[in-house]
Structure formats: structure tokens, C-alpha cells
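K.L.:
structure of the sequence below:
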Amino acid sequence: MPDLRQFFGQAPDQPAPKMAATGSGFFISADGYIVTNNHVVERADKITEQTMVMLHATFITPLDRDEIHQLIKHLDNVLDTMQDAAGTITTYDIRRATPEAIRFAEIIRDACKCVERAVAQLDNMKNGPSILAACAEISRHESEADRLLRDAMSKLFREETDMRELIKLKAIYELLEIVTDCCKDVATILESIVLETDAPDISPAWLAGVRNAPAELPRIAAVLAELRGITASALAQATSANAGAVLRRR
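P.N.:
Purely as a prediction, here's the structure:
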């Protein structure tokens, strides 16, 4: 499959002096100016197209076929939403970023770095704990963006007297927050891939990094039963019934 890491870390061919990459389809200069960069999105679209072609041409895929499709789709959504935000900035002719917009860009950058780190480790499910840690970090960034949006909106409606400026900034803040939601969607898919692909490499807390083994199943069942508030026997009956329904004899 094409290297999904190419979605991230792509700088423009000739960046302007003192430009700080946000990890997105736009850049913020040292003096606060916003510059769009469609080159990143074009490269990502090409990777998406290559992935889809290979997905349809490959008989045995390294991961579940649907999971690959969902992952590439959500990765593409991250950049598409970034492009929407950059396009809105251009449409509204906004030349200088507010402190809140700059903070959004920093959160997006950090979330994308986590996505890059997680995707880069998908070739080996022994990296499962590290991938899950990156996903947890993405969730924290998304939560921070939610709080920032609430604070930015509150400040905007309290202090902005120009109605046109208020409408412009409200739309941009909302789009920037949606970018972090898209990153969270990627994290959800990555968590699903890790948890469903190779559970033995994800050890229970009590094994302290030692590889998981079938002998641990009774204790794992006991923990799951406690979390669900049922007995271990009831849990065993439910999982047996589920397995029987899925693997029904014909």
C-alpha cells in the first residue's frame, strides 16, 4: 500500500521566510499572516487515489479491507477540512490571524503529528501500545479544541462589534475545530485496527509489558465482568452465544 505517512509533514516547495507550518493546508507566518497551500492537499489526493487502486487490485491486504478504506477516507477528511478552512480564510479576505486562530492551528499541528506517529507504526502490531497512546493524545487535543471553541465564541460575542467580522471569525473557528474532530475520527479507526488485529501483543496491565497469553483469559474475563457489572459466568455465556451466532454451522 502507499505510505500513508505522506499525508503529513509535506512542506511547500518554497516556503516563505519565517513561515510556521500548522500541520495543515495553510501556514501562519511569524507576524500572524495566513498563507494557503493547496500543494499538500493535491499530494494527499494522489495518495488516496493510489491507495484505492491498490486496494481493489490486492487480493490479500495487510489490514482488513474496510479498515484500510475507512482509514484513508478519514485521513483525507482531515486535509479536506483544512482546505475548507484555508479557502474560507481566502474567501473572507482575512489577512491576519487572531490569537485564537493561531492556537487552533497549533492544536491541529500537534494532533497531526500524533496521527503521523501512529500511522507510521501500523506496519507492526507490536507497536499497539504506542499507537493507542498517540490516539489518546489526539483525543486530548480534540478536547482542548472544544474548550478553545467555546472560549473563542464567548469572547467573540462579547467583544466584537463589527457584525461582518463576527460572522467571518465564527465560521473559521468552527471549521478549525472540525479539523480536530476529523483527527479524532482517525484515532478511532486506529484504535479499532489495533484492538482487533493482534490482541496478544497488547498485554494486560498486570503483565507489565510481557506478551499476553491464553492463560490470562480467566483473569481478563473477571475484569471485563466487573466492568460490566455481571458475573464471569454470565460473561462466558454471552461470549459463547455470540461466537455461536457468528460461527453457526451450516
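K.L.:
going forward, measure contacts between C-alpha atoms and count neighbours the same way
P.N.:
OK.
K.L.:
could you list the domains of this protein?
P.N.:
Per automatic domain parsing, the structural domains of the chain span 4-201, 205-246.
K.L.:
dump the ones you listed into TSV; add mean pLDDT and mean neighbour count as well.
P.N.:
Below are the domains of the chain laid out as TSV (pLDDT from 0 to 100; neighbours: other C-alpha atoms under 10 Å):
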stretch	mean pLDDT	mean neighbour count
domain 4-201	81	18
domain 205-246	81	12
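K.L.:
for the host helix or strand of residue 118, name the packing helices and strands.
P.N.:
Here residue 118, judged by DSSP states H and E, is contained in helix 99-119. Secondary-structure packing of helix 99-119 (3 or more C-alpha pairs under 8 Å, 6 or more residues apart in numbering; DSSP states H and E): helix 128-159, helix 163-197.
K.L.:
can those go into CSV with extra columns for distance to residue 57?
P.N.:
Shown next, in CSV, are these (distance: least, C-alpha to C-alpha, whole Å):
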stretch, distance to residue 57
helix 128-159, 28
helix 163-197, 21
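K.L.:
relative to residue 204, which of those is closest?
P.N.:
Proximity to residue 204 (C-alpha to C-alpha) singles out helix 128-159 among the helices and strands packed on helix 99-119, at 10.7 Å.
K.L.:
between the closest one and helix 99-119, how big is the angle?
P.N.:
Relative orientation of helix 128-159 versus helix 99-119 (axes from the mean of the first three to the mean of the last three C-alpha atoms, to 10 degrees): 170 degrees.
K.L.:
chain center to helix 128-159: distance?
P.N.:
Distance of helix 128-159 from the chain centroid (C-alpha atoms, centre = their mean, to the nearest Å) equals 12 Å.
K.L.:
tell me the helices and strands packed up against that helix.
P.N.:
By 3+ C-alpha pairs under 8 Å, 6+ apart, helix 128-159 packs against helix 99-119, helix 163-197.
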